[in-house]
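[1] need a 3D model of the following:
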Amino acid sequence: MINKSDMTEHRESQSLIHRLSWWGQFKEETTMGPKTQQQEYRQTSVRKSGKQGMLKRMAALCMMTSVCLSGTASAVPGVSTDVYLQAQAFNKVLPDGSSSPMWGFATCDATYTTCSAPDAPGNQIDATVGTSLNIHVNNTLDVPVSLTIPGLPGAGNPTFTTDKKGRRRVRSFVKEVPAKGSDVYTWSGAKLREGTFIYQSGTQPSIQVPMGLYGPLVVHPATVAAACTAGQGSAYGHCYDAGAETVVVISEVDPVQ
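    Numbering: from 1, shown residues only. Modelled structure (predicted):
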């Protein structure tokens, strides 16, 4: 059982994550983390259509925050989607030309012999309602990591630790991948519902998420709404131009902390 104090600590440790659906509704998902994090960070996952007004607002937001990154698809929806992520350290080049040491997820083949460059945020993952999503994680870091998707039921099996006062505390809200180890996390059936989400490390999230272990996930509906025409997709029953859809993740890093 996770006691109330552990849950409170988890809520306080999370960074600010917002979701914006394609027609412009803004919903707060979690709360801002403490300023004692190694890197102060705010991130927003945005799913939007090609409407010009939305594009202009997003362009202005990108310029204000300095960092604007578009996720790239790392998997094709199917009966079972398997994604292979590798957690590793890297130096991220910031818009002003400086760099900051970070952790990130690289997207790899099934043997982890060919991988994309790690980045923060990681590549976009696409899945479909009614299928299974298997995210394999290979951990090259010297500390344990894990994978959770806030808003979707996880795999459970939290990892506990004992603090200096002898109290039993939650270190990870899902099973961990040990340092230099590998494991897989699966979402299927009712656990995989339509929407735009953030996948992230569930281990010491006040440290590992600001360090860069996060990325966008889009779960598409199983079928396009009947009212939609050729070339259109649907989100929550609404039609949109599928060719104009993209996901933008905006983050903020303080390399000094």
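[2] quick check: the closest residue to residue 129 other than its chain neighbours vs residue 231, distance?
    Once flanking residues are discounted, residue 129 sits nearest to residue 222: 4.6 Å by CB to CB, 6 or more residues apart in numbering. C-betas here are computed from N, CA, C, even on glycine. The gap separating residue 222 from residue 231 is 19 Å, by CB to CB, to the nearest Å.
[3] surely residue 150 is in contact with residue 195?
    No - contact criterion CB atoms under 8 Å: residue 150 and residue 195 do not qualify, at 11.1 Å.
[4] and the two? which has more neighbours close in?
    Between residue 150 and residue 195, residue 195 has the larger neighbour count (other CB atoms under 10 Å), namely 19 against 16.
[5] so what's the residue lying closest to the more buried one once chain neighbours are set aside bridging to?
    Spatial nearest neighbour of residue 195, excluding adjacent residues (CB to CB, 6+ apart): residue 219 at 5.6 Å. Listed by DSSP bridges, the beta-bridge partners for residue 219 are residue 127, residue 195.
[6] I'd like the numbering to begin with 7 instead of 1 from here.
    With the count now opening at 7, the last piece we talked about shows up as residue 225.
[7] and the pLDDT at residue 225?
    Looking at residue 225, its pLDDT reads 92.
[8] do the same with residue 100
    Note on residue 100: pLDDT of 83.
[9] with residue 36 instead?
    The model reports residue 36 with a pLDDT of 34.
[10] do the same with residue 73
    Reported pLDDT for residue 73: 41.
[11] one more: the one 3 residues further on?
    What the model reports for residue 76 is a pLDDT of 40.
[12] could you report the distance from residue 134 to residue 209?
    With distances taken as CB to CB, residue 134 is found 28 Å from residue 209.
[13] ugh, wrong one, residue 90
    From residue 90 over to residue 209 (counting by CB to CB), the distance is 19 Å.
[14] what do you get for residue 252?
    Counting by CB to CB, the gap from residue 252 to residue 209 is 30 Å.
[15] again, but for residue 226
    Per CB to CB, residue 226 is found 28 Å from residue 209.
[16] neighbour count winner among the two?
    The neighbour comparison of residue 226 against residue 209 (other CB under 10 Å) goes to residue 209, with 26 against 19.
[17] what about the nearest residue to that one once chain neighbours are set aside, how many residues nearby?
    Spatial nearest neighbour of residue 209, excluding adjacent residues (CB to CB, 6+ apart): residue 178 at 4.0 Å. Residue 178 has 22 neighbours, counted by other CB under 10 Å.
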